[in-house]
Each structure stands twice: as structure tokens, then as C-alpha cells.
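A.B. asks: Need coordinates for the below:
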Amino acid sequence: MAAIIEMRNQQKIIIGILSVIACILAIMNLNYLVQIYLIWSQKPLGPVLEYPTPWRLPATWTAPPVAPSMTGTLVPTLVIETNTPLLLSQCSALPTMTILAIGADAHSDEYQYGRADVIRVVRVNFMAQRVTMLEFPRDLWVEIPEISDNIGQDHDKLNTAYFYGNPGLKFWDHPSQGPGLLARTLDLNFGLRVDHYLAVSMDVFIDLVDTIGGIDVTLAETIDGRTPYDKSSRLFFPAGAQHLSGEQALTLARIRNISVFERAEQQNLVMCALRKKMENPETLMQIPAIISSFKDHIQTDLTPEQISQLACLGTHLPPGNILFAGFPRELFKPSKIYDPALKQNVFIWDTDFNQLRDYVKQFNAGVWPVQSIFSTPEPEMNGCQ
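C.D. replies: Numbers count the residues shown, from 1 in each chain. So this is what the prediction gives:
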């Protein structure tokens, strides 16, 4: 009997030791999986930007132990914004991020060709919970690096930098492709350096809007995009409230027969409606799945972690803290220039690049656009309501 009891005690000891070993292995395995996840979440989804001179922010953001307060002076009477958030959250104690956002006019999600139909620079101030978007007109005649050996000239429209950089033409072999060459072009001509890029094709935009069930917009007045060459009813949007599918939202955003400035306002309206739909509780539940399903169909060097941080900020961002800005209209004069590649005159905006550089410098510092007596001329501004 004593022998049986002793055997049972030994079995309990062995089982206990094995249980401890199993727990240790489980913890080690869990820790390994956590490390794998952390590595994955901090890995850029695409090639990072590369500038010709040494300059690059870290590919991933690390929250500082204490939220810094950044103040300084750009020029006399212009004071850099103070990052004093009303409410700190997990996605607010982060450095400011600047993203080159591109709406490609290609229908494919392979990004082999296509021009930059929409060019916006998005300044995300996590600490102040503010997002400012600056539009660059696509018809600016700019110097584009890396193309002269291929087309016999080093100038073209700004939106073609994206086209020349993508792999279809094989003009530029850097892995950042079209977004990378467009970023370098903006740096060369306007002194703008961005931290990251995000390019979305027309098909992906349509799918995104349809995935969340469409968007709702209210038009102050009728928008009629019909032309003598295309009288389709799909180009007519009556004044008032209406629900738009992905295809309709894209059509509204691309109507261009009025002016490029009003076209930008229509794009702002669509983006505000898209952001509002994302606030819907049902849509919020879908955000992780949306990010997962679309990450392989966009061009970006953002990491999954950074995308989650941006989504987090979006849920806390007051509508009044989303500002759409454009350079003052009076800086641009319609003109034409001879394009040797096309062997014909093409439309461009004639403007003083030095003035645009000054505005870009202030934009980077966070002091423009603002409603200020020092803003002369006044910027084009509106926001989400």
C-alpha cells in the first residue's frame, strides 16, 4: 500500500514538473508570436522613400515618454503651433507625420501606369489632433529628375512624375516607383519632403466606398459635369442630399469642366463624407478587416502599426480639425507651353515657384494655412463640418 502511495506521489511530481515545463514553453511560444507580430506590424508595406541627400525619418514612430511641446519661430510674427492636446490617447502622443497622398487615374491596382490625378500633402499632427491637407495643382510645369535620358527633356507636368516613376515605362528603377519619383520632384521644385506616401487607384477607391456601403453628401448647388462630348446623366448631380456609390463618388470627385479649384472642393466634399461614414459604429467594427483587405492593393510605405495609429486618430478627430487647403488662386495664371515630347502646346499653370516654396516652408512648420492677418494673399481653405 505504501509503495502505491509513493508511486502516486512520484506521478504527481512528474505531472507537476511537466505542467511547469508546458507553461514555460507556452509562454515562450506566446512571446515568440508577439515578437513576430511586432516585427510585422512595424514593417513598411512598401519600399520607403529615398532622397538624393541624407534625410529620412524613422520608418516607424515610437511614442516619447513625455509628450513634447514644440514651439519656435519661422520668421518674425509667425509662431510655430504649440502641440497641446486637449485629451491624450494612445494615438495622440506621437510626432507629426507628413504623407504624400496620391489619387492615381489608373483603373488597375497593379500600379504599372497612370498619372497622379490628385496630389495632396497631408500633415497629421497627432498631439494637436489636427489634419491639414495641401493640394498641389497637377498642371504645374516642373523639373522631373531621372527622365531626361528617356524622353529628351527634364521638364513635364507635375502629375507625370508619378507616371514616369512607375514600372510600366521602366524609366526609373527605384523600388518606391511612382510615389518615390513624385516625392523627389516635389522636393526638387518646392522644397517639400514627406515622411511617407499612399497611392490609391480609381478601382480601389470605388471598392473602398462600396465596402462601407457608400457615402452621403449634400450639395449646396447642382454640379453638372456634362460636356458636348459626353452628355451622360451620370455626370449630373442635383443640389441637395444624396447617397453615392463608389462609382458615383469617384465621378463627382473627378468632374473637371468647371475649374480645377471647384474640382478640389468636390474632392474635399467626398473625403469629408468618407471620413464621416468611417465614424459610423458599424463601419468602425469593419476597419481592421478593411485595412487587411486593402493593404495589398495600394502603394504605401506605411506600416500596419502606423495605419492603425491613423485610424485611431480618425476616431478622435473633431470635424473642425480637418482642414483642406490650397495655394491662393491669384498666384496661378493659365498659360501654355510647348511640350517637345508631345510636339504640341499644353496647358499649364504659370506661377512663381519661389512663392510656393515659401508657403510650403510655412506648411511644414505648421503656421500656414491659418486665419491670420499675416496670410497675404489668403489661402484657399475649408474643412469638414
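
A.B. asks: Going by C-alpha atoms from here, please, whenever you check contacts or count neighbours.
C.D. replies: Noted.

A.B. asks: by contact count, what packs against the lengthiest strand in the chain?
C.D. replies: In the chain, assigned by DSSP state E, the strand with the most residues is strand 116-125. Here strand 116-125 touches strand 97-104, strand 130-135, helix 158-165, going by 3 or more Cα pairs under 8 Å, 6 or more residues apart in numbering; DSSP states H and E.

A.B. asks: So which residues make contact with the last one?
C.D. replies: Going back to what we said before, that points to helix 158-165. Contact with helix 158-165 is made by 113-117, 119, 137-142, 144, 147, 170-173, 177-182, 185, as judged by Cα atoms under 8 Å, 6 or more residues apart in numbering.

A.B. asks: From these, which land in strands?
C.D. replies: Using DSSP E, the subset of the contacts of helix 158-165 located in strands is 116-117, 119, 141-142.

A.B. asks: Of those, which is the most crowded?
C.D. replies: Counting neighbours by other Cα atoms under 10 Å, the top entry in the ones in strands among the contacts of helix 158-165 is Ala116, with 26 neighbours.

A.B. asks: Would you mind measuring from that one to Leu208?
C.D. replies: Computed as Cα to Cα, to the nearest Å, the Ala116 to Leu208 distance reads 19 Å.

A.B. asks: that older thread, name the stretch among the helices and strands packed on strand 116-125 that sits most buried.
C.D. replies: Mean neighbour count (mean count of other Cα atoms under 10 Å) peaks for helix 158-165 among the helices and strands packed on strand 116-125, with a mean of 27.

A.B. asks: So what does Ser92 look like in phi/psi?
C.D. replies: phi -120, psi -20 (degrees, to the nearest 10).

A.B. asks: Looking at it now. What's its pLDDT?
C.D. replies: Ser92 carries a pLDDT score of 76 in this model.

A.B. asks: where are the low-confidence patches of the protein?
C.D. replies: 1-13, 15-16, 18-40, 53-90, 371-381, 383, 385 (pLDDT under 70).

A.B. asks: mind giving me the domain ranges of it?
C.D. replies: Using automatic domain parsing, the domains assigned to the chain come out as 42-64+76-201+299-383, 214-297.

A.B. asks: re the thing from before, mind checking which of the contacts of helix 158-165 land in helices?
C.D. replies: 177-182, 185 (DSSP state H).

A.B. asks: How about the secondary structure of Tyr111?
C.D. replies: Using DSSP: H, G, I helix; E, B strand; the rest coil, the structure places Tyr111 in coil.

A.B. asks: any idea how far it lies from Thr98?
C.D. replies: Distance of Tyr111 to Thr98, given as Cα to Cα: 22 Å.

A.B. asks: Out of the domains of the chain, which is the most enclosed?
C.D. replies: Mean neighbour count (mean count of other Cα under 10 Å) peaks for domain 42-64+76-201+299-383 among the domains of the chain, with a mean of 18.

A.B. asks: can you pull out the helices in the stretch 151-300 of the chain?
C.D. replies: Using DSSP state H, counting those that start in this stretch, the helices assigned to the stretch 151-300 of the chain run over residues 158-165, 177-190, 202-211, 246-254, 260-278, 281-294.

A.B. asks: how about those helices in CSV, adding distance to Val367?
C.D. replies: Formatted as CSV, the helices of the stretch 151-300 of the chain follow (distance: least, Cα to Cα, whole Å):
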stretch, distance to Val367
helix 158-165, 25
helix 177-190, 17
helix 202-211, 31
helix 246-254, 28
helix 260-278, 21
helix 281-294, 32
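
A.B. asks: Among those helices, which comes closest to Ala220?
C.D. replies: Closest to Ala220 of the helices of the stretch 151-300 of the chain is helix 260-278 (Cα to Cα; 10.7 Å).

A.B. asks: packing partners for that closest one?
C.D. replies: Counting contacts by 3+ Cα pairs under 8 Å, 6+ apart, helix 260-278 is packed against strand 215-219, helix 246-254.

A.B. asks: Distance to Pro334 added to these, as a markdown table?
C.D. replies: Converted to a markdown table, those look like this (distance: least, Cα to Cα, whole Å):
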| stretch | distance to Pro334 |
| --- | --- |
| strand 215-219 | 28 |
| helix 246-254 | 20 |
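
A.B. asks: for the ones you listed, which one sits closest to Thr315?
C.D. replies: Closest to Thr315 of these is strand 215-219 (Cα to Cα; 17.1 Å).

A.B. asks: between the closest one and helix 202-211, how many degrees?
C.D. replies: Angle of strand 215-219 versus helix 202-211, following axes from the mean of the first three to the mean of the last three Cα atoms, to 10 degrees, is 100 degrees.

A.B. asks: How far away from the center of its chain is strand 215-219?
C.D. replies: How far strand 215-219 lies from its chain's middle: 22 Å, per Cα atoms, centre = their mean, to the nearest Å.
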